[in-house]
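>>> Sequence below, structure please.
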Amino acid sequence: MNFFISGGGTGGHFFPALALLECLLERGFSTLFVGSERGIEFKLRDRIPTESLFLPSHPFMGRGLWDKLRAIYGALSGAMKLRGRLRSGDVGIVFGGYTTLPLGLACLFGRLPLFVHEQNSVPSQTNRLLGRFARMVFITFEHSRGFFHKERTIKTGLPIRKSLIEGLRISKVEASRILGLDENFTLLIMGGSQGASFLNSLAMEVFYKTGWQGIHITGERDFEKVSSFYREKALRVYTLPFSDRMELIYKASDLAISRAGASSITELSLYGIPTLFIPFPYAIHDHQYYNAKEIEELGGGITLRQGDASLERVLENLEKMISDRDGYSKSISTFANPLACQDIVKYLLKE
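Numbers count the residues shown, from 1 in each chain. A predicted model of the protein is given here:
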């Protein structure tokens, strides 16, 4: 049995796929990762611990007629290329997005078992399509259950990378020391792979107003501007464009302001960090808002629309969470499933 895994385009699709890939490799299974030549997975290909195949896949949603035709052709040609590599008994697992359509179609054409994992509360068009034919659909948020066949849908949570699971053993004291921070209250602000500019501007206002110690992940574009501001104002904010040691970041943090991608929410939940979510307002189907609302309903965070996120309202909500941090932390911790990978593998092996 060989497992073909596809997920990419953005980090939200790629990193959960990578986590499941790690889990399968630890158990000695043969795997192949399928991605796009234009997705984040190609840029981070050195992190993929198995054979990889990158196809010339293209986005379909929100594109003009020519781009849509190119996307359809790319998906079909990619599926035929994969079809030649798939054998009886092989299994396909897709994590959504345009990069996964070739593998999904190849499994359907070859009548091979196909499984879908949906990260967000509102499924992508690719997963809605492939979910109709999948043996099983794994979901992260309860809200997405209504988009798939109920008897073939199970909530497993989001697969989490091994480094983040192992990072739970690190103490706040140790993580803070490594980052050059002290043990005082630390606010984490991160914008995700999209829509960081608004949060970057907000972060500068928040830290300037409060003087709090902080960690700010800015993205590449605004890093120099933001880090210069903190230096000029003599603010104690550890600033970086990107981090591949998120376990240290999370362990050193007491509270967060974040977008509401599924991976960010899951990781913040894993580390029990109460969060003020400001969903990216242009996310497809407004899925980040529904992601965040599920955490708010659990009592683990607060959701604020970007248009309502004035400095005054942001600080008001942060103070509310600080006043009952332990309660919010306990509630948000109930969301993540550290054993999501193992649970998914059990279902895969039933085939």
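
>>> all contacts plus neighbour counts: C-alpha atoms, from now on.
Will do.

>>> Could you break the chain into its assigned domains?
2-160+338-349, 164-332 (automatic domain parsing).

>>> Need those in JSON lines (columns: mean neighbour count).
What follows is the domains of the chain, written out as JSON lines (neighbours: other Cα atoms under 10 Å):
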{"stretch": "domain 2-160+338-349", "mean neighbour count": "20"}
{"stretch": "domain 164-332", "mean neighbour count": "19"}
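
>>> Just send the ones you listed back as CSV, with mean pLDDT too.
As requested, the domains of the chain are exported to CSV (pLDDT from 0 to 100):
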stretch, mean pLDDT
domain 2-160+338-349, 92
domain 164-332, 95
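
>>> so where do the helices sit in the stretch 1-150 of the chain?
11-26, 40-43, 65-83, 101-109, 125-131 (DSSP state H, counting those that start in this stretch).

>>> which stretch among those comes nearest I165?
Among the helices of the stretch 1-150 of the chain, the nearest to I165 by Cα to Cα is helix 11-26 (10.6 Å).

>>> what's in contact with that closest one?
5-8, 30-31, 33, 40-41, 48-49, 94-97, 119, 158-162, 193, 261-263, 341-342, 345 (Cα atoms under 8 Å, 6 or more residues apart in numbering).

>>> helices or strands up against the one helix or strand R313 maps to?
Using DSSP states H and E, R313 sits within helix 311-323. Applying 3 or more Cα pairs under 8 Å, 6 or more residues apart in numbering; DSSP states H and E, one finds that helix 311-323 makes contact with helix 196-210, strand 275-277.

>>> just how off-centre is the lengthiest strand in the chain within its chain?
Looking across the chain with DSSP state E, the single longest strand is strand 30-36. Mean-position distance between strand 30-36 and its chain equals 19 Å (Cα atoms, centre = their mean, to the nearest Å).

>>> Now do it against helix 101-109: the angle between them, please.
130 degrees (axes from the mean of the first three to the mean of the last three Cα atoms, to 10 degrees).

>>> which stretches of this protein form strands?
Ranges of strands within the chain are 2-6, 30-36, 51-55, 91-94, 114-118, 136-139, 153-155, 186-190, 213-217, 237-240, 255-258, 275-277, 301-303, based on DSSP E.

>>> List the neighbouring strands of the second one plus their orientation.
Each strand pairing with strand 30-36, determined using DSSP bridges, is listed with its direction: strand 2-6 (parallel), strand 51-55 (parallel).

>>> Could you list the residues in contact with the last one?
Outside strand 51-55, the residues that touch it by Cα under 8 Å, 6+ apart are T31, L32, F33, V34, G35, S36, E37, F42, G78.

>>> Mind picking the two most distant members of those?
T31 and E37, at 19.0 Å, using Cα to Cα across the contacts of strand 51-55.

>>> contacting residues for the closest residue in space to L103 that isn't next to it in sequence?
Spatial nearest neighbour of L103, chain neighbours left out: A79 (5.9 Å); criterion: Cα to Cα, 6 or more residues apart in numbering. By Cα under 8 Å, 6+ apart, A79 lies in contact with L101, P102, L103, G104, L105, A106.

>>> Am I right that the third one is in contact with V34?
Yes. The pair L103 and V34 passes the contact test of Cα atoms under 8 Å, sitting 7.4 Å apart.
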